[in-house]
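Trainee: Need the 3D shape of this:
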Amino acid sequence: MTFNSKIFLSLTKSRLAISVVFSALAGYILAADNFNFLNIFLLLVGGYCIVGASNSFNQIIEKDKDSMMDRTKNRPLPKNHISKSKAFWISVFLTLVGLLCLYLINYKTVFFAALSVFLYTCIYTPLKPITPLSVFVGAIPGAIPFMLGWVAATNQFGIEPGTLFMIQFFWQFPHFWSLGWMLDDDYKKAGFIMLPTGKRDRRTALQIILYIIWMIIISIFPATGLTGLLYLSIESAIIIFILGLIMLFMGINLYNGMNIASAKRLFIYTIFYLTLVQLIYIVDKFL
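Mentor: Residues are numbered from 1 along each chain as shown. Reported below is the predicted structural model:
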């Protein structure tokens, strides 16, 4: 049993962690008038450590269930490439390093980071085999990073980071439920209930559509000028609205087609959507 970078990257789900860190960086750029590069470094390192620790704790708790699923059976813990005890201490180390880095920025940033780890590890993960409401709980830590960047830059929590939180919060549902639709059979092998109705049906597809609509509304809401220092031009709002309509069209296709192919297209598009929206907000700030 050896430990190497490949095991570490898999244990921390590096691709997911990097995308989360990008969200935090985007929030920081939106808020900052002057960039503090030390704080940016601390945010990136601390953010990766916090997300990596959450993912690692999740895999420790779900080791036996992961071994039942095709999607996760080759992770380091089910394959015994690393022991539970070693993974646990890595998780603890990452948590402490992450919290320290974010504390050095400001205490509000470390508070929200600690809340994220707690919700993901202690509530979301245990709820997954019990109730589909786990996705709602999981959407909270999943939505914190975009907001966290703003808090890191300003040491303030208000309508601006709250709006960033809501954008990523509503985005979580079409993202997770389209993934849940794709992998429903695999999830059920481990006893996970990820879809809101527990199955691939029109009520699940309808809920995906409704959350996409809410996501579109909140994504363009800053164009009203009612979100404090977070502002979006009409031109950028139109672009984001069009991107949202594309996702809505994909959601309607899923409702009509009720097939895995439609869910897969929607899932892939959700990833591009969030990144594009964040980039549009950043570009809009500097134009």
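
Trainee: counting contacts, what elements does the host helix or strand of Ser23 pack onto?
Mentor: Element membership of Ser23, judged by DSSP states H and E, is helix 14-31. When contacts are defined as 3 or more C-beta pairs under 8 Å, 6 or more residues apart in numbering; DSSP states H and E, helix 14-31 packs onto helix 37-61, helix 134-154, helix 159-182, helix 260-286. To be clear about C-beta, it is placed using only N, CA and C from the backbone, and glycine gets the same treatment.

Trainee: Please name the residues that touch the closest residue to Thr121 other than its chain neighbours.
Mentor: Leaving aside its sequence neighbours, Thr121 sits nearest to Phe57 (C-beta to C-beta, 6 or more residues apart in numbering; 4.3 Å). For Phe57, the residues meeting the contact criterion (C-beta atoms under 8 Å, 6 or more residues apart in numbering) are 88, 91, 117, 120-121, 125.

Trainee: List the buried residues in the helix holding Ser23.
Mentor: Across helix 14-31, burial judged by 16 or more other C-beta atoms under 10 Å covers 14, 17, 20-31.

Trainee: Then stretch 72-87?
Mentor: Of all the residues in stretch 72-87, those buried under the rule 16+ other C-beta under 10 Å are 72, 75-78, 81-82, 87.

Trainee: likewise stretch 111-130?
Mentor: Judged by neighbour count (16+ other C-beta under 10 Å), stretch 111-130 contains these buried residues: 112-114, 116-117, 119-121, 124-125, 127-128.

Trainee: End to end on that stretch, go ahead and measure it.
Mentor: 28 Å (C-alpha to C-alpha, to the nearest Å).

Trainee: ok, back up a step: will you turn the buried residues of stretch 72-87 into a markdown table that also has secondary structure, pLDDT and distance to Leu100?
Mentor: Shown next, in a markdown table, are the buried residues of stretch 72-87 (DSSP: H, G, I helix; E, B strand; the rest coil; pLDDT from 0 to 100; distance: C-beta to C-beta, whole Å):
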| residue | secondary structure | pLDDT | distance to Leu100 |
| --- | --- | --- | --- |
| Thr72 | coil | 90 | 30 |
| Arg75 | coil | 93 | 27 |
| Pro76 | coil | 92 | 25 |
| Leu77 | coil | 93 | 26 |
| Pro78 | coil | 92 | 31 |
| His81 | coil | 90 | 28 |
| Ile82 | coil | 92 | 24 |
| Ala87 | helix | 93 | 20 |
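
Trainee: any idea how far the residue nearest to Thr121 is from Lys13?
Mentor: To Lys13, Phe57 is 12 Å away according to C-beta to C-beta, to the nearest Å.

Trainee: what angle separates the helix holding Ser23 from helix 260-286?
Mentor: Here helix 14-31 points in a direction 30 degrees away from that of helix 260-286 (axes from the mean of the first three to the mean of the last three C-alpha atoms, to 10 degrees).

Trainee: contacts for helix 14-31?
Mentor: Outside of helix 14-31, the residues within contact range by C-beta under 8 Å, 6+ apart are 35, 39-40, 43-44, 47-48, 51-52, 55, 145-154, 160-161, 164, 168, 229-230, 271, 274-275, 278-279, 281-282, 285.

Trainee: so who does the residue nearest to Gln172 when sequence neighbours are not counted touch?
Mentor: Leaving aside its chain neighbours, Gln172 sits nearest to Ala139 (3.8 Å; criterion: C-beta to C-beta, 6+ apart). Contact analysis of Ala139 by C-beta under 8 Å, 6+ apart lists 169, 172-173, 176.

Trainee: before we move on, the earlier item: can I get the CA coordinates of the helix holding Ser23 in PDB?
Mentor: Written as PDB, here are the backbone C-alpha positions of helix 14-31 (Å, rounded to 0.1, in the frame of the first residue of the first chain):
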ATOM      1  CA  SER A  14      -8.900  17.300  -7.900                       C
ATOM      2  CA  ARG A  15     -11.000  18.300 -11.000                       C
ATOM      3  CA  LEU A  16     -14.000  19.100  -8.800                       C
ATOM      4  CA  ALA A  17     -11.800  20.900  -6.300                       C
ATOM      5  CA  ILE A  18     -10.200  23.000  -9.000                       C
ATOM      6  CA  SER A  19     -13.600  24.000 -10.400                       C
ATOM      7  CA  VAL A  20     -14.700  25.000  -6.900                       C
ATOM      8  CA  VAL A  21     -11.500  27.000  -6.400                       C
ATOM      9  CA  PHE A  22     -12.200  28.800  -9.700                       C
ATOM     10  CA  SER A  23     -15.600  29.800  -8.400                       C
ATOM     11  CA  ALA A  24     -14.100  31.300  -5.300                       C
ATOM     12  CA  LEU A  25     -11.500  33.100  -7.400                       C
ATOM     13  CA  ALA A  26     -14.200  34.500  -9.600                       C
ATOM     14  CA  GLY A  27     -16.100  35.800  -6.600                       C
ATOM     15  CA  TYR A  28     -12.900  37.400  -5.300                       C
ATOM     16  CA  ILE A  29     -12.200  39.200  -8.600                       C
ATOM     17  CA  LEU A  30     -15.800  40.500  -8.700                       C
ATOM     18  CA  ALA A  31     -15.400  42.100  -5.300                       C
END
